[in-house]
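Participant: 3D, please:
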Amino acid sequence: MSERQNIEWKKSWHDDYLKWGCGFANAVGGTIYIGKDDKGNVVGLSDYQKLLEDIPNKIRNTMGIICEINLQEEAGKKFIEIKVNPYSVPVSLRGRYYYRSGSTKMELTGVELNEFLLKKAGKTWDDVVEEGATIKDIDEQRIQKLIEDSREKGRMPVTKGLSAFQILEKLQLTEGKKLKRAALLLFGKNPGRYYPNVEVRIGRFGSDSTDLRFQEVVEGNLVWMLDEVQSQLHNKFLVRPIEFVGMQRIEKDIYPVAALREMLLNALVHRTYMGAHVQLRVFDDRLSIWNEGILPSGLTLEDLKIAHNSRPRNPKIAKTCFMAGYIDTWGRGTLKIIQACKEADLPEPDIREINGGIEITLHNVSANQDSKVFLGNKSTPQVTPQVTPQVTPQVEKLLKTITGEHSRQELQENLGLSDREYFRKMYLQPAIEGGFVELTNPEKPRSSKQQYRLTQYGKDKLDK
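Facilitator: From the prediction side, this is the model:
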């Protein structure tokens, strides 16, 4: 048995482990074993009698909750079992909130804390009323566009003869006479007035992220951005190979249109709207889209590659997009992307958690043959190998030292390195660029409180 979502092993007690208890209480509950090593072997406790008195008091006094504390014995060695139940109300430790995700304890701050507190109160971010917003903030043309888009699916309620506000009521995007945040994000004339970073940034790069050639910023409501981003992408960023068959000129798509649309929908519907903007990067040999917002608790990257339940971060936005026929709310978005790539004879897309969000990458190399650039009536083979992040010996050493969240100094000391610049160039930076390690505070990369942790991609690499 290994450490996982609801199991934690510690050789001895330290008050810092109250954070793990807080994380379990705010997630799905769990058990902390004191007196076991990292492999689950019992090492024993000499001060177990004192701990049996101290631990329950510390938990009650610092968090206001009660946990079941049991003394266990194995092979003549004593250890303590701390069972933490999940709580329907938020639990804090000295004013700070922690959450257990996978086998990692994280402190909730900023956007994540806001979403967590709303969830505990039975609300989601997009379901909150935006005080001060009125129907004058709504672009009625976007509402009509969504209604037109919905006709083929027949999911939209009857809207004929209704005013714009009445249609929003039908879509459950109002509360009394006020608009909810989802209404502004879907149809707002200028949603950026209320929320930062309601935009998609598209960049054209060379071989890597340091080689930015040109960029565009698309900002506005979701219904408009869905079409505009695709238009910008196809007209400015993607060059379609051309082939002449006789006198007929044939243009081919580098990437399947269905996959690109689904990737964009996923990013716009499921992103954290109080976080960073959506980022779409076009390289010579690949295309990636990233949106802020980690996977819901209990859902893994591997789950996205098989049939799984739909768990939208913004259910009001998701429901409206379902009525319009944009999505189907059955958790099939990533499956559609994978299937579209398979049908186009492209490699399976990469899906990973990085920098507090989800990134999906498509590769434009055929799975069975080299890609071709067609010029006139001649075709010139152009071999473009798939780029996969490599684990160098230095990166591998670094990954093995990461057991939770660490500062740069801690990681450097654990490796026994004295040269800070050498550590950054040979260990830390390649690990981050490869998607194996992420920053706990990506919005402030130079923060003195910055720490680093393994991404799910990094954990998967270690397990192989």
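Participant: Show me what the strand or helix carrying Gln230 is in contact with.
Facilitator: Using DSSP states H and E, the element containing Gln230 is helix 222-232. With contact meaning C-beta atoms under 8 Å, 6 or more residues apart in numbering, helix 222-232 is reached by 139, 142, 145-146, 185-187, 199-200, 202, 216, 218-220, 260-261, 264-265, 268-269, 280, 317, 321, 324, 326. Placement of C-beta: from N, CA and C, glycine included.
Participant: list the buried ones in it?
Facilitator: Buried residues in helix 222-232, counted by 16 or more other C-beta atoms under 10 Å: 222-226, 229, 232.
Participant: now stretch 343-357
Facilitator: Neighbour-count burial for stretch 343-357, counted by 16+ other C-beta under 10 Å, picks out 344, 346-347, 349-357.
Participant: ok, now stretch 189-200?
Facilitator: 189, 191, 194, 197-200.
Participant: Render the CA-only coordinates of that stretch in PDB, please.
Facilitator: Provided in PDB are the C-alpha atoms of stretch 189-200 (Å, rounded to 0.1, in the frame of the first residue of the first chain):
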ATOM      1  CA  LYS A 189     -20.200  43.700 -24.300                       C
ATOM      2  CA  ASN A 190     -17.000  44.100 -22.300                       C
ATOM      3  CA  PRO A 191     -16.600  41.400 -19.700                       C
ATOM      4  CA  GLY A 192     -13.000  42.600 -19.200                       C
ATOM      5  CA  ARG A 193     -14.500  45.600 -17.400                       C
ATOM      6  CA  TYR A 194     -15.500  43.200 -14.500                       C
ATOM      7  CA  TYR A 195     -13.000  40.400 -14.800                       C
ATOM      8  CA  PRO A 196      -9.300  40.400 -15.700                       C
ATOM      9  CA  ASN A 197      -7.900  38.300 -18.500                       C
ATOM     10  CA  VAL A 198     -11.100  37.300 -20.300                       C
ATOM     11  CA  GLU A 199      -9.000  36.800 -23.400                       C
ATOM     12  CA  VAL A 200      -7.200  34.300 -25.500                       C
END
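Participant: for the buried residues of helix 222-232, which one is nearest Gln339?
Facilitator: Of all the buried residues of helix 222-232, Gln339 sits closest to Leu226, with 20.6 Å by C-beta to C-beta.
Participant: so who does Cys67 touch?
Facilitator: 21, 56, 59, 82-85.
Participant: mind redoing it with 6 Å?
Facilitator: Neighbour list for Cys67: 59, 82, 84 [criterion: C-beta atoms under 6 Å, 6 or more residues apart in numbering].
Participant: returning to that earlier point: which pair of the buried residues of stretch 343-357 spans the longest distance?
Facilitator: Pairwise over the buried residues of stretch 343-357, using C-beta to C-beta, the maximum falls at Ala344 and Gly356, 30.3 Å.
Participant: how close does Gly275 get to Ile59?
Facilitator: 32 Å (C-beta to C-beta, to the nearest Å).
Participant: actually Glu410, sorry about that
Facilitator: The spacing between Glu410 and Ile59, counted by C-beta to C-beta, is 27 Å.
Participant: Spatially nearest residue to Ser407, not counting backbone neighbours?
Facilitator: Gln451 (5.5 Å; C-beta to C-beta, 6 or more residues apart in numbering).
Participant: I figured that neighbour hits Glu405, correct?
Facilitator: Yes - counting by C-beta atoms under 6 Å, Gln451 touches Glu405, with 4.4 Å between them.
Participant: roughly how far is the helix or strand hosting Gly23 from the heart of the chain?
Facilitator: Using DSSP H and E, the element containing Gly23 is helix 18-26. Helix 18-26 sits 22 Å away from the centroid of its parent chain (C-alpha atoms, centre = their mean, to the nearest Å).
Participant: got the CA coordinates for it in PDB?
Facilitator: The C-alpha trace of helix 18-26 is given here as PDB (Å, rounded to 0.1, in the frame of the first residue of the first chain):
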ATOM      1  CA  LEU A  18      -1.600  19.400  11.300                       C
ATOM      2  CA  LYS A  19      -1.700  20.900   7.800                       C
ATOM      3  CA  TRP A  20      -2.200  17.400   6.400                       C
ATOM      4  CA  GLY A  21      -5.100  16.900   8.800                       C
ATOM      5  CA  CYS A  22      -6.600  20.100   7.600                       C
ATOM      6  CA  GLY A  23      -6.100  19.100   4.000                       C
ATOM      7  CA  PHE A  24      -7.900  15.800   4.600                       C
ATOM      8  CA  ALA A  25     -10.800  17.500   6.400                       C
ATOM      9  CA  ASN A  26     -11.300  19.800   3.400                       C
END
